[in-house]
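J.: Make a model of this:
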Amino acid sequence: MSGPAPSTTRPDVTDPAQGTLPFAPVLGQSLGAAMPASMALTIPFTLTAVAGRGAWLCVVIAGALVWLVNRALFQFSSRVASAGSLSSYVALGLGPVGGLIAAVSLVIGYGMLASWCIVRSAITATELLDPSRAPGSVGVRELLVALVFTAACGAALALSTRVSLLVTLAAASTALLAVLALVVTSVARAGVPAAMTLTLEGAEPAGIARGVVLAVACLVGFSAATSLSAEAARPHASVPRATSVALAVVVATLFVSALFGPAPVDGVGSMLQWFPPGANHDASVAIVRAVRLLSYVGCVLAVWAALARLTLSLARDGALPARLGATHARRGTPTAAVGAATAMVLGPSAVAFLVAPDERTVVTVLGESSTAALLIAFTLTCLAATPFLQRRGALRRRTAVLHAAGATAMLAVLLAMTVQPWGGEGHTTMATTLACAAGGAVWAASLDRRRPWALTRLGSHDDRDALTADEVTDR
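T.: This next block holds a predicted model:
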């Protein structure tokens with residue numbers, strides 16, 4: 001059960017809308033899941049508060065660390081196409097147990113990220129409808145808005161994958177352009193800030209380290225497009241390009257925001273600092289909320305689509321009930337998987353609205369658990385890339401070093417999240433890590449006892465039209 005899964009080719013399985021998606025919706029999924037606009041609005045305050053003038057360096061270091069993960073993803077996405085994304089990649093390199101641990105990590109990571117966005121979108125929409133809403137409060141009203149929002153997103157994904165992901169791309173792009181406009185107007189009003197000199201004056205190593213952890217947490221959504229490899233028209237080219245472009249856009253946006261964005265005053269930052277002092281307060285608040293709401297809409301659609309495809313892939317591999325692998329006869333959308341994923345998308349947010357005492361607690365727990373789970377999946381992917389390439393005779397020493405560095409970096413960030421006060425509440429990260437490891441191990445043991453054949457199918461994929469080893473090495 002612990003050995004590597006065979007490299008099974010599955011060209012006879014018709015995945016939803018197989019081979020029809022152009023590059024735009026594929027890019028939309030990664031860009032939407034990464035939420036560059038929402039992150040850029042807050043990064044000047046969160047990073048500057050902990051790293052001072054070293055905020056820009058935190059973004060650079062975080063971008064370099066996550067780039068190592070992207071290199072490992074490239075080794076898989078340029079050779080195999082599977083809706084299972086990272087779980088299939090890990091199964092091909094480390095075997096079925098590793099693949100199922102990665103699957104649990106993705107379910108928790110994507111589910112909590114979607115729930116985080118639903119909570120944020122419900123609160124933001126309520127604030128737009130009722131500006132007098134008490135700050136920080138959550139309750140039944142926000143839950144009702146979340147239900148309506150979730151139903152709309154689920155219906156869009158069930159009706160059309162292409163349209164929903166194009167909406168994701170449009171929402172993310174519009175929000176991003178709005179943030180860039182705020183940056184330009186901020187510079188035009190206040191001039192080039194002193195931080196533009198790229199100085200590290202006053203920055204401390206501990207603050208830089210904490211800032212790197214926060215910056216990495218802002219980048220974890222970039223890999224979502226790997227779940228569309230079975231549906232993309234040119235998966236072995238468009239998927240690697242989508243993850244790379246999304247990562248570059250997010251890092252560049254955060255870098256510009258860290259340099260040119262407003263700095264906290266006496267350690268306190270406000271979104272209104274993006275606007276001139278004499279600007280209309282209500283209009284400024286509405287603009288910020290609209291930009292954030294667009295980002296949340298795009299993220300929910302992107303992450304829910306990835307979670308649905310993971311569910312579909314696991315069902316067709318035999319790890320989940322086969323009925324979850326059904327697609328709509330006419331539209332080709334994975335309606336059963338979209339419906340099943342609703343529990344992970346809406347469940348945590350609904351519980352949080354009814355149980356958590358305030359907004360801060362809700363977003364902290366959901367955000368940290370999502371980040372920790374996705375970091376586990378990234379670590380396993382980096383570890384799996386080396387044996388995967390070695391069995392294909394395509395391993396190079398430099399590539400193996402990069403993969404080891406990527407796994408070490410992600411593990412270091414994960415460990416840093418458990419240390420107070422770097423990552424907030426350390427017990428959330430530890431509980432998430434234990435849940436991922438135990439969940440995957442128990443799942444593998446159950447399949448070994450009841451469906452041993454399913455373990456040999458994990459990692460099934462279509463490698464037609466894959467790049468050759470020489471082509472991949474040249475890149």
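J.: Show me what the lengthiest helix in the chain is packed against.
T.: Counting residues, the longest helix found in the chain (DSSP state H) is helix 281-317. Judged by 3 or more Cβ pairs under 8 Å, 6 or more residues apart in numbering; DSSP states H and E, helix 281-317 is in contact with helix 23-34, helix 36-51, helix 86-94, helix 96-129, helix 140-159, helix 161-190, helix 335-355. C-betas here are computed from N, CA, C, even on glycine.
J.: Where among the ones you listed is average confidence lowest?
T.: When these are ranked by mean pLDDT, helix 36-51 comes last with a mean of 81.
J.: mind listing what's buried in that one?
T.: For helix 36-51, burial by neighbour count (16 or more other Cβ atoms under 10 Å) applies to 36-51.
J.: So what angle separates the directions of that helix and helix 281-317?
T.: Interaxial angle, helix 36-51 versus helix 281-317 (axes from the mean of the first three to the mean of the last three Cα atoms, to 10 degrees): 110 degrees.
J.: what about stretch 22-34, distance to the chain center?
T.: 12 Å (Cα atoms, centre = their mean, to the nearest Å).
J.: And for that stretch, what's in contact with it?
T.: 113, 161-162, 165-173, 219, 221-225, 227-228, 232-234, 238-239, 241-243, 245-247, 249-250, 298-299, 301-303, 305-306 (Cβ atoms under 8 Å, 6 or more residues apart in numbering).
J.: Report the buried members of those.
T.: Among the contacts of stretch 22-34, those buried by neighbour count (16+ other Cβ under 10 Å) are 113, 161-162, 165-173, 219, 221-225, 227-228, 232, 238-239, 241-243, 245-247, 249-250, 298-299, 301-303, 305-306.
J.: quick one on the thing from earlier: nearest to residue 153, out of the buried residues of helix 36-51: which one, please.
T.: residue 38 (16.4 Å; Cβ to Cβ).
J.: I figured that closest one was touching residue 297, is that so?
T.: No: the pair residue 38 / residue 297 is not scored as a contact, 10.6 Å apart, by Cβ atoms under 8 Å.
J.: Quick check: neighbours shared by the two?
T.: Joint contacts of residue 38 and residue 297 (Cβ under 8 Å, 6+ apart) do not exist.
J.: give the contact list for the residue lying farthest from the centre of the chain.
T.: Distance from the C-alpha centroid of the chain peaks at residue 278, with 37.0 Å (Cα atoms, centre = their mean). Neighbour list for residue 278: empty [criterion: Cβ under 8 Å, 6+ apart].
J.: Low-confidence stretches in the stretch 201-350 of the chain?
T.: In the predicted model of the stretch 201-350 of the chain, residues 263-270 satisfy pLDDT under 70.
J.: next one: the longest helix of the chain to chain centre, how far?
T.: Taking mean C-alpha positions (Cα atoms, centre = their mean), helix 281-317 and its chain are 10 Å apart.
J.: now the angle between helix 96-129 and that helix, please.
T.: Going by the same axes, to 10 degrees, helix 281-317 makes 150 degrees with helix 96-129.
J.: Check the burial of residue 281 by counting its neighbours.
T.: 10 (other Cβ atoms under 10 Å).
J.: where's the residue nearest to it when sequence neighbours are not counted relative to residue 222, distance?
T.: Once flanking residues are discounted, residue 281 sits nearest to residue 272: 7.1 Å by Cβ to Cβ, 6 or more residues apart in numbering. Separation of residue 272 from residue 222 (Cβ to Cβ, to the nearest Å) stands at 29 Å.
J.: surely residue 121 meets residue 294?
T.: No: in this structure, residue 121 is not within contact of residue 294 by Cβ under 8 Å, at 9.6 Å.
J.: before we move on, the earlier item: and the gap between the residue farthest from the centre of the chain and residue 261?
T.: 19 Å.
J.: Ok, residue 29 next?
T.: Per Cβ to Cβ, residue 29 is found 27 Å from residue 261.
J.: now do residue 291
T.: In terms of Cβ to Cβ, residue 291 sits 14 Å off from residue 261.
J.: who's more crowded, residue 29 and residue 261?
T.: Neighbours around residue 29 and residue 261, counted as other Cβ under 10 Å, are more numerous at residue 29. The numbers are 35 against 27.
J.: Contact partners for residue 298?
T.: Per Cβ under 8 Å, 6+ apart, neighbours of residue 298: 28, 31-33, 35, 167-169, 171-172, 175.
J.: now, the most widely separated pair of the residues you listed?
T.: So, the contacts of residue 298 by Cβ to Cβ: farthest apart are 35 and 167, at 14.7 Å.
J.: picking that back up, nearest to residue 403, of the contacts of residue 298?
T.: Among the contacts of residue 298, and counting by Cβ to Cβ, the member closest to residue 403 is residue 33, at 23.0 Å.
J.: one step back: spell out the secondary structure type for the residue farthest from the centre of the chain.
T.: coil (DSSP: H, G, I helix; E, B strand; the rest coil).
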